[in-house]
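> predicted structure and sequence below. I'll ask about it afterward.
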Amino acid sequence: MPVYQYECEKCGHKFEVQRKIGEGDKELKCPKCGAEHPQRDYSGFNTCSPSASWASRGGG
C-alpha cells in the first residue's frame, strides 16, 4: 500500500497515511485537530537505479 502525505489546511499539521490506491481521500481527518479533507501533498519519490555518478565509480 502506498503512503500519502497530507497537510491540514486548518492547523498546518503534516502527516502520512497508508491507504489503498483506489481508496481516495474521502473520510480523512487531521489527526491533530480533526478537520476534514486535508490537502494531499504531491511530492516526488526516489527510486533505486544506477546513476551516472555510480557508473563513473566503476559500478556499471
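Here it is on my side, so go on.
> mind listing the strands for the chain?
If you assign secondary structure with DSSP state E, the strands in the chain sit at 3-7, 14-18, 39-41.
> show me where this structure dips below the pLDDT cut-off.
Applying pLDDT under 70 to the chain flags residues 43-60.
> go again with 90.
For the chain, applying pLDDT under 90 flags the ranges 1-2, 19-27, 41-60.
> which residues in it form helices?
For the chain, applying DSSP state H gives helices covering 52-54.
> tell me which of the strands of the chain sits most buried.
The highest mean neighbour count among those belongs to strand 3-7 (a mean of 15), with neighbours defined as mean count of other C-beta atoms under 10 Å. In short, each C-beta sits where N, CA and C put it, glycine included.
> could you dump that strand to PDB, C-alpha only?
C-alpha atoms of strand 3-7 as PDB (Å, rounded to 0.1, in the frame of the first residue of the first chain):
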ATOM      1  CA  VAL A   3       1.900   6.100   1.800                       C
ATOM      2  CA  TYR A   4       0.400   9.500   1.100                       C
ATOM      3  CA  GLN A   5       1.500  12.800   2.700                       C
ATOM      4  CA  TYR A   6      -1.200  15.300   3.800                       C
ATOM      5  CA  GLU A   7      -1.300  18.800   5.300                       C
END
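> can we start the residue count at 51 from this point?
With the count now opening at 51, the last piece we talked about shows up as strand 53-57.
> helices or strands up against it?
Secondary-structure packing of strand 53-57 (3 or more C-beta pairs under 8 Å, 6 or more residues apart in numbering; DSSP states H and E): strand 64-68, strand 89-91.
> and of those strands, who's closest to Lys79?
Taking C-beta to C-beta, strand 64-68 is the member of the helices and strands packed on strand 53-57 nearest to Lys79, at 10.2 Å.
> summarise which helices and strands that closest one is packed against.
Secondary structure elements in contact with strand 64-68, counted by 3+ C-beta pairs under 8 Å, 6+ apart, are strand 53-57.
> ok now stretch 70-77, how far from the chain's centre?
The chain centroid and the centroid of stretch 70-77 are separated by 13 Å, computed with C-alpha atoms, centre = their mean, to the nearest Å.
> from the opening residue of that stretch to its closing one, how far?
The first and final residues of stretch 70-77 sit 13 Å from each other (C-alpha to C-alpha, to the nearest Å).
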